[in-house]
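Engineer: Sequence and computational prediction follow.
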Amino acid sequence: MIEFLTVLAFLQEGTTGNPTATGVFRFFAGLVLILIIYISAWSFTYWISKDE
């Protein structure tokens with residue numbers, strides 16, 4: 001979880017003082033990509049480990 005927060009901090013860098021549309025977009029685009037990767041990994045792990 002600490003790695004996730006570190007990545008979010010890097011994504012937010014440069015957007016806190018005077019956020020521009022590009023910086024805010026980068027933050028949310030990065031957040032969505034991280035969530036997609038996390039959910040995909042979790043889904044694959046679930047799929048590969050279930051008994052058929």
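Structural biologist: Here it is on my side, so go on. Worth saying up front: this structure is predicted, and the values here are computed from it rather than measured.
Engineer: Distance-wise, check the most centrally placed residue in the chain relative to residue 47.
Structural biologist: Nearest residue to the geometric centre of the chain (C-alpha atoms, centre = their mean): residue 34, 2.4 Å. The spacing between residue 34 and residue 47, counted by C-beta to C-beta, to the nearest Å, is 20 Å. Bear in mind the C-beta positions are built from the backbone N, C-alpha and C, glycine included.
Engineer: mind checking the longest helix of the chain?
Structural biologist: Counting by DSSP state H, the longest helix found in the chain is helix 21-49.
Engineer: which other helices and strands contact it?
Structural biologist: Here helix 21-49 touches helix 2-12, going by 3 or more C-beta pairs under 8 Å, 6 or more residues apart in numbering; DSSP states H and E.
Engineer: pLDDT of the helix it packs on, averaged?
Structural biologist: Throughout helix 2-12, pLDDT has a mean value of 69.
Engineer: What sits closest to residue 7 if chain neighbours are left out?
Structural biologist: Once flanking residues are discounted, residue 7 sits nearest to residue 34: 6.3 Å by C-beta to C-beta, 6 or more residues apart in numbering.
Engineer: Many thanks, I have nothing further to ask.
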